[in-house]
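K.L.:
what's the 3D shape of this:
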Amino acid sequence: MIRHLISLLLLGLSVLFGYLYYVQYYKWRNCFDETGRCFDPQAGVTYLEQSGLGWIILTGLPLAAAIFWMRATRTQK
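P.N.:
Below is the predicted model of the structure:
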């Protein structure tokens, strides 16, 4: 039972970071200038192109850990 909860927690973190990747980088990918910045005047926020790599790494690590965890703890019948 605890194995399933850990797997779900890791998958949930991956989905959360994937959503943040979309909101913080992917939505603005065509707006970046030559300095790697994009300013949203409505929200008053500057998005950085370098943040995309950080968010995608944070998305991939829990996903890889969840897959590894599920495969490592699978019981054979």
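
K.L.:
Which elements pack onto the strand or helix carrying residue 54?
P.N.:
Assigned by DSSP states H and E, residue 54 falls within helix 51-72. Other helices and strands packing on helix 51-72, by 3 or more C-beta pairs under 8 Å, 6 or more residues apart in numbering; DSSP states H and E, are helix 2-24. Where C-beta positions appear, they are placed from N, C-alpha and C, glycine not excepted.

K.L.:
contacts for the helix it packs on?
P.N.:
47, 51-52, 55-56, 58-60, 62-63, 65-66, 69-70, 73 (C-beta atoms under 8 Å, 6 or more residues apart in numbering).

K.L.:
what element comes up after it heading to the C-terminus?
P.N.:
Following helix 2-24 toward the C-terminus (DSSP H and E): strand 37-40.

K.L.:
buried sites along the helix or strand following that next one?
P.N.:
Remark: after strand 37-40, the chain's next helix or strand is strand 45-48, criterion DSSP H and E. Within strand 45-48, the residues that count as buried by 16 or more other C-beta atoms under 10 Å are residue 47.

K.L.:
Likewise for stretch 57-74?
P.N.:
Applying 16+ other C-beta under 10 Å to stretch 57-74 flags 58-59, 62-63, 65-66, 69 as buried.

K.L.:
Now do that stretch: distance to the chain's middle.
P.N.:
Centroid separation for stretch 57-74 versus its chain: 13 Å, with C-alpha atoms, centre = their mean, to the nearest Å.

K.L.:
now stretch 50-62
P.N.:
So, by C-alpha atoms, centre = their mean, the centroid of stretch 50-62 is 5 Å from its chain's centroid.

K.L.:
Any chance you could list what contacts that stretch?
P.N.:
10-11, 13-14, 17-18, 20-21, 24-26, 29, 36.

K.L.:
so where is the chain shaky, pLDDT-wise?
P.N.:
75-77 (pLDDT under 70).

K.L.:
Many thanks, I have nothing further to ask.
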